[in-house]
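**Q** Need a 3D model of the following:
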Amino acid sequence: MTRLLAELSGPAAAEALTEKSIVVLPTGAIEHHGPHLPLATDAIVAEASATAAVARAAAMGLDVWQLPTLSITKSDEHSWAPGTLWLTPETMMQTVVDIGRSLLTTRARTLVFLNGHGGNVALLNVANRELRRRFGLRTFFMPAARVPSFDGTDGGPDEHGTGIHAGHGETSMIMHLRPELVDASQFAATVPAHIGDFRHIGFNGKPVTFGWLSNDFGPTGVLGDPTGANAAHGAELFEQSVSFVVEALEEISRFDYVA
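**A** Numbering: from 1, shown residues only. Take a look at the predicted model:
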């Protein structure tokens, strides 16, 4: 049986979705990813991760369903680049609130944002609470992919904690998922190592964040080092990501606010 909710009829969806159903909304982006990756990179990763994880979780017995991928999202950090399509924060928030409200026509009350784009993180975490407060939904947010900034070990380059966009990991994953869309002749690194040297300011969980646009660091809009990226490493990263999502969905199926 399909786990893609949009492939069901309305009456079939009303029957299939229950109070225990987990509805997964993949969120990606259509945005500049340097000269070597497609605009749809984040949407490709989010949808592929969702499709694989939902199928695997359903085979384990979880009542989980996948919504169509929300591909045009909050990508204003790349607003300077041709091809980037982006929503304002207000429009993006209203969009996800409306999607959550629409779930109330079914019996499902659990919505999971499976996110493939860093620019959505802060907004979707606010949406978690907004949807909980307004509609009583159980809401969760998690990354579609676990892609680290590489530190020069395990066969990757040293991205000095700044490999967050079109670098080694993300490029490797697209080489695995959609190799025909990668232009390896355009691989070039942009690694602002001086930022990685700060103790507190930076990316990847450092406690002090800062406002930025992707061309603040160089004209390509890349943050990281795609040179040396390869499909085999991408396959490993993808499998690790899908396994994480499946484990998280299983925990969500057991989650409650009180013991």
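**Q** after the lowest-mean-pLDDT helix or strand in the chain, next one along is what?
**A** Counting by mean pLDDT, DSSP states H and E, the chain has its least confident helix or strand at helix 193-196, which shows a mean of 94. Per DSSP states H and E, the first helix or strand lying C-terminal to helix 193-196 is helix 231-254.
**Q** Can you pull out the residues in contact with that following helix?
**A** Here helix 231-254 makes contact (C-beta atoms under 8 Å, 6 or more residues apart in numbering) with 20, 22, 24, 48-50, 52-54, 56-57, 60, 62-64, 110, 112, 114, 138, 140, 142-147, 155-156, 168-169, 171-177, 179. C-betas here are computed from N, CA, C, even on glycine.
**Q** List the buried residues of it.
**A** Using 16 or more other C-beta atoms under 10 Å as the test for burial, helix 231-254 gives 231, 233-234, 237-238, 241-242, 244-246, 248-250, 252-253.
**Q** out of those residues, who's nearest residue 193?
**A** Among those, residue 233 lies closest to residue 193 (C-beta to C-beta), at 21.7 Å.
**Q** Distance-wise, check that closest one relative to residue 66.
**A** Separation of residue 233 from residue 66 (C-beta to C-beta, to the nearest Å): 26 Å.
**Q** Also residue 18?
**A** 16 Å.
**Q** Between these two, point out the one with more neighbours.
**A** Between residue 18 and residue 66, counted using other C-beta atoms under 10 Å, the more crowded position is residue 66 (25 against 11).
**Q** residue contacts, the closest residue to the more buried one other than its chain neighbours?
**A** Excluding its sequence neighbours, the residue lying closest to residue 66 (C-beta to C-beta, 6 or more residues apart in numbering) is residue 54, at 4.6 Å. Neighbouring residues of residue 54 by C-beta under 8 Å, 6+ apart: 3, 24, 64-66, 249.
**Q** from those residues, which ones fall inside helices?
**A** Using DSSP state H, residue 249 are the members of the contacts of residue 54 that sit in helices.
**Q** Need the contacts of residue 54 in a markdown table (columns: pLDDT).
**A** Converted to a markdown table, the contacts of residue 54 look like this (pLDDT from 0 to 100):
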| residue | pLDDT |
| --- | --- |
| 3 | 97 |
| 24 | 98 |
| 64 | 98 |
| 65 | 98 |
| 66 | 98 |
| 249 | 98 |
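**Q** Pipe the contacts of residue 54 into CSV and attach distance to residue 197 per row.
**A** Below are these laid out as CSV (distance: C-beta to C-beta, whole Å):
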residue, distance to residue 197
3, 46
24, 38
64, 43
65, 45
66, 41
249, 38
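**Q** and of the contacts of residue 54, the nearest to residue 211?
**A** residue 24 (30.4 Å).
**Q** can you count the residues close to the nearest residue to residue 136 once chain neighbours are set aside?
**A** Of all residues not flanking residue 136 in the chain, residue 109 sits nearest, at 7.0 Å (C-beta to C-beta, 6+ apart). Neighbours of residue 109 under the rule other C-beta under 10 Å: 19.
**Q** per-residue confidence at residue 234?
**A** Residue 234 is assigned 97 on the pLDDT scale.
**Q** cool, residue 252 as well?
**A** 98.
**Q** can you check residue 204 too?
**A** Reading off the model, residue 204 has pLDDT 85.
**Q** same deal with the one 3 residues further on?
**A** Each residue has a pLDDT score; the one for residue 207 is 96.
**Q** Phi, psi for it please.
**A** phi -70, psi -20 (degrees, to the nearest 10).
**Q** Wait, it touches residue 199, no?
**A** No. Using C-beta atoms under 8 Å, residue 207 is not in contact with residue 199; the gap is 9.3 Å.
**Q** re the thing from before, now, which of the contacts of residue 54 sits nearest residue 10?
**A** Distance to residue 10 across the contacts of residue 54 (C-beta to C-beta) is lowest for residue 65, with 14.1 Å.
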